[in-house]
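the following comprises the amino acid sequence and a computationally predicted model.
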Amino acid sequence: MCGCYLANNSKLILGLGSNLGCREIYLKRAITRLTCGDLCILRNPEISKVYESPALVPSGAPDHWNLPYLNCAISGDPLVGIDELLPAVKEIEESIGRSKGERWAPRVIDIDILWWPDMSVIKEDLQIPHRGILDRSFVVKPLRDLIPEDSLEGLSFRDHAMRLSETDESIARYAPESDYKVNFPELMGILNITPDSFSDGGLYLDPEEALGHARMLIKSGAGILDLGAESTRPDGQRTGHSVEWDRLEPVLQGLRDMQNDKSFRISLDSRNPETVRKALDIGIDLINDVTGFSDPKMLEIAQGTDVPLVFMHSLSVPVVKGESIPKSSDPIQFLQNWTCEKLEKFSQNGISRKRLIFDPGIGFGKTHEQNWQILGRSSELHRLDIPLLIGHSRKSFFELVTDKPSEERDPETLEVSDMLANNRVEILRVHDVEIHDSYFRNQFFEFSVNFLLNEDRR
């Protein structure tokens, strides 16, 4: 699992920082791009703790530049040479959303080349070891985590970290909650306000019951709530816009009020353009279209907003029983080809790749065996170089391994979620957020407890 803090002195070490937007998401995304997919430049990665520190800003800088940073470091065996390294890093930064700006301005991601043992480079655009490396606790502490006994200018990084702890007023502080969010998938809680969803249909049709369930999901650890008012189960009936909106509006208004004092994002699970337009007027943070924005009107809406877009692969919505990807096809290659065509379509319509999240559509147009194969090989989908969201919770493909009814399949769902976390899937869409958050936090505790107990002595 990503997040273990062992070190190998032969590895290249990069520093990651973010002080704009959802900082943990950008750090997570950088780690994935650096270690998976076609842009990958590191293998066998090891990740430091995550630290928070004040921004370094010059005198006279605008007040809005003074945003705290999250920082960590990642080490790994380099897959590129020294001449290719800086361009590769810049390409990854750009793919995540960094744009050109003033030198000290806030940024969604900053990737610095910190350390490469036995490598010394001094150029106009690149210096190894990184310039100023020993003056900044947000650099030294991550290096201390990864290579505590390696030395620079006569002291080990362990000793340098101790030295800065005694003298640096803007000391970097360990941020355990952010560390957890960086190292484990974001949990998207399912909020179905439908009478006929396959697992929880009819439970939250009353707006107050729906909002009560939303509060529980957030308290349990959901960073996103996926709000849907139309079932896409097999043989489901299309819900008209007016019915869908009547279900959605009071709950969406309540969720927006809830955001005043709770930190979470609202995702709208809808394929109806009229519904999406009205929801955008109230305020949503993601659009989740299970038809992959195949409707030109949905593409037009996407062009007119800047919210992230989740596009899912499906052959038909609602699901048609027995319809699937051709059994002679490799399902991962089929999904990659389909997604590349979609990415080209988005590009032709002026929709930035940086806004896109791909959902392979587990249970939508796949046999049970194909679903299992896609889940097991989900790491291969990182070749698309866009974030992955997977919704596998309680679905019918579990019938190959259990005869439990859907509402009792949370333990099986969790086992698959653990595999997906190790495959660096960024977002997991689940019914039972609580058992997922508890499980991942226990894993996190196992590899972080020693650091927490000994931090004062470091």
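All right, it came through fine. All figures in this text were calculated on a predicted structure; none of them were measured in a lab.

how far is the helix or strand hosting residue 278 from where the chain is centred?
Residue 278 is part of helix 273-282, with elements assigned from DSSP states H and E. The gap between where helix 273-282 is centred and where its chain is centred comes out at 25 Å by C-alpha atoms, centre = their mean, to the nearest Å.

and if you look at stretch 109-119?
What separates the centre of stretch 109-119 from the centre of its chain is 24 Å, taken as C-alpha atoms, centre = their mean.

buried set for that stretch?
For stretch 109-119, the neighbour count (16 or more other C-beta atoms under 10 Å) marks 109-116 as buried. Just so you know, the C-beta spots here come from the backbone N, C-alpha and C atoms, and that holds for glycine as well.

also stretch 64-74?
Along stretch 64-74, these residues count as buried under the neighbour rule (16+ other C-beta under 10 Å): 67, 69-74.

hmm, back to that, pick the one among the buried residues of stretch 109-119 closest to residue 186.
Out of the buried residues of stretch 109-119, the one with the shortest distance to residue 186 is residue 109. That distance is 16.7 Å, counting by C-beta to C-beta.

now do that closest one, the pLDDT please.
You'll see residue 109 listed with a pLDDT of 96.

ok, it touching residue 96?
Yes - judged on C-beta atoms under 8 Å, residue 109 makes contact with residue 96 at a distance of 4.8 Å.

anything in contact with each of these two?
Common neighbours of residue 109 and residue 96 are listed as 26, 29-30 (criterion: C-beta atoms under 8 Å, 6 or more residues apart in numbering).

so where's the stretch 151-300 of the chain uncertain?
Residues of the stretch 151-300 of the chain that meet the criterion pLDDT under 70 lie in 167-170, 196-202, 233-239.

any idea how far residue 216 is from the nearest residue to residue 410 once chain neighbours are set aside?
Spatially, and ignoring its direct neighbours in sequence, residue 410 is nearest to residue 432 (4.4 Å; C-beta to C-beta, 6 or more residues apart in numbering). When C-beta to C-beta, to the nearest Å is applied, the distance between residue 432 and residue 216 equals 11 Å.

same question for residue 40.
Where residue 216 is concerned, residue 40 sits at a distance of 38 Å (C-beta to C-beta).

can you pick out the residue with more neighbours from those two?
Remark: of residue 40 and residue 216, residue 40 carries more neighbours, 20 against 13, as counted by other C-beta atoms under 10 Å.

so that one is in which element?
Residue 40 belongs to no helix or strand when assigned by DSSP H and E.

now do the one 5 residues further on
With the criterion set as DSSP H and E, the secondary-structure element containing residue 45 is strand 42-47.

what's the helix or strand for residue 333?
Here residue 333 is covered by helix 331-348, with elements defined by DSSP H and E.

quick one: buried residues of that helix?
Within helix 331-348, judged by 16+ other C-beta under 10 Å, the buried ones are 331-332, 334-336, 338-339, 342-343, 346.

closest to residue 81 out of these?
The shortest gap between residue 81 and any of those belongs to residue 336, at 27.7 Å (C-beta to C-beta).

so the closest one sits against residue 386, correct?
No - between residue 336 and residue 386 there is no contact under C-beta under 8 Å: 11.3 Å.

what about the residue nearest to residue 410, neighbour count?
Look at residue 432: counted by other C-beta under 10 Å, it has 22 neighbours.

swap in residue 61?
Using other C-beta under 10 Å: residue 61 sits among 14 other residues.

and for residue 121?
Other residues near residue 121 number 13, with proximity taken as other C-beta under 10 Å.

how much space between the nearest residue to it once chain neighbours are set aside and residue 122?
Among residues not flanking residue 121 along the chain, residue 128 sits closest, at 4.2 Å (C-beta to C-beta, 6+ apart). In this view, residue 128 and residue 122 are 8 Å apart by C-beta to C-beta.

repeat for residue 87
The span separating residue 87 from residue 122 equals 18 Å under the rule C-beta to C-beta.

can you check residue 133 too?
For residue 133, the distance to residue 122 (C-beta to C-beta) stands at 13 Å.

looking at the two, which one has more neighbours?
Neighbour comparison, residue 133 and residue 122: the larger count goes to residue 133, with 20 against 8 (by other C-beta under 10 Å).

test my guess that the more buried one contacts residue 112.
No - the pair residue 133 / residue 112 is not scored as a contact, 9.1 Å apart, by C-beta under 8 Å.

common neighbours of those two, please.
Taking C-beta under 8 Å, 6+ apart as the contact criterion, the common neighbours of residue 133 and residue 112 are residue 139.

show me what whichever strand or helix holds residue 139 is packed against.
Assigned by DSSP H and E, residue 139 belongs to helix 137-146. With contacts taken as 3 or more C-beta pairs under 8 Å, 6 or more residues apart in numbering; DSSP states H and E, helix 137-146 sits against strand 12-18, strand 51-53, strand 69-78, strand 110-115, helix 157-167.

how near is the spatially closest residue to residue 411 that is not a sequence neighbour to residue 224?
Computed as C-beta to C-beta, 6+ apart, the closest residue to residue 411 that is not its neighbour in sequence is residue 435, at 7.9 Å. Taking C-beta to C-beta as the measure, residue 435 falls 17 Å from residue 224.
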